[in-house]
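Engineer: Provided below are the primary sequence and the corresponding predicted coordinates.
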Amino acid sequence: MAGNGLVVGIVAVQGGFAAHARAVEDIGARAVLVRRPSDLDGVGALVLPGGESTAQLRLYERVGLAAPLTTLVSGGVPVLATCAGLILAASHVTRPEQPGFGWIDVHVARNAWGRQIASFEATSDDGALPLVFIRAPRIVHVGPGVEVLATFRGEPVLVRQGAVTGATFHPELTDDRSVHREALAALVA
């Protein structure tokens, strides 16, 4: 679905970008590591990986990626934002408060599924998705234009608004590539 020459930019300034690059290659797309604005040339979709959202936000600003990324997202480029990536894409962030880009109308609480030592694996409520939670955020509010795609214990863990898909978990750390395939499919649909 996502093949056909699709070039996916994996923002690679900090965090778990290498596993996302492998997942993107697994679905037949070409992964390009994005570390500066010029790396975005020719990119048809984006992945914002997990990591430490405060550090990522500072690095995005330092290397000049924040504005070009927002321009691409405003233009409808498909985005998969996982864990810290979802924090950055969110409209509101708490615990502690931090700016988000506002690309998806959700409120998230940072590290709300527990600290690093409390990381765990589970399955979505419908049994369809393997979930890996590592210092994961919780979605505490979903705006009216946001579609909930998967839940865990009744709470949203995978959401989409327009071409932006956000996951509180790490789909790249499982063998299941459905989240990457579906999030990036909007480009070829």
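Structural biologist: Sure, I can see it. Residues are numbered from 1 along each chain as shown.
Engineer: Quick check: bridge partners of the residue positioned nearest the centre of the chain?
Structural biologist: For the chain, the residue nearest the mean C-alpha position is A81 (1.0 Å; Cα atoms, centre = their mean). For A81, the beta-bridge partners are L48, G166 (DSSP bridges).
Engineer: surely it meets R160?
Structural biologist: No: taking Cβ atoms under 8 Å as the definition, A81 is not a contact partner of R160, at 10.4 Å. For every residue, glycine as well, the C-beta is placed using N, CA and C.
Engineer: anything in contact with each of those two?
Structural biologist: 104, 166 (Cβ atoms under 8 Å, 6 or more residues apart in numbering).
Engineer: one step back: please report how far the residue nearest to the centre of the chain lies from R35.
Structural biologist: 18 Å (Cβ to Cβ, to the nearest Å).
Engineer: A67 now?
Structural biologist: Taken as Cβ to Cβ, the span from A67 to R35 is 15 Å.
Engineer: Which strands or helices does the lowest-mean-pLDDT helix or strand in the chain pack on?
Structural biologist: Lowest by mean pLDDT, DSSP states H and E among the helices and strands of the chain is helix 53-63, with a mean of 90. Secondary-structure packing of helix 53-63 (3 or more Cβ pairs under 8 Å, 6 or more residues apart in numbering; DSSP states H and E): helix 66-74, helix 84-89.
Engineer: Return the most buried member of the ones you listed.
Structural biologist: Among these, helix 84-89 has the highest mean neighbour count (mean count of other Cβ atoms under 10 Å), at a mean of 28.
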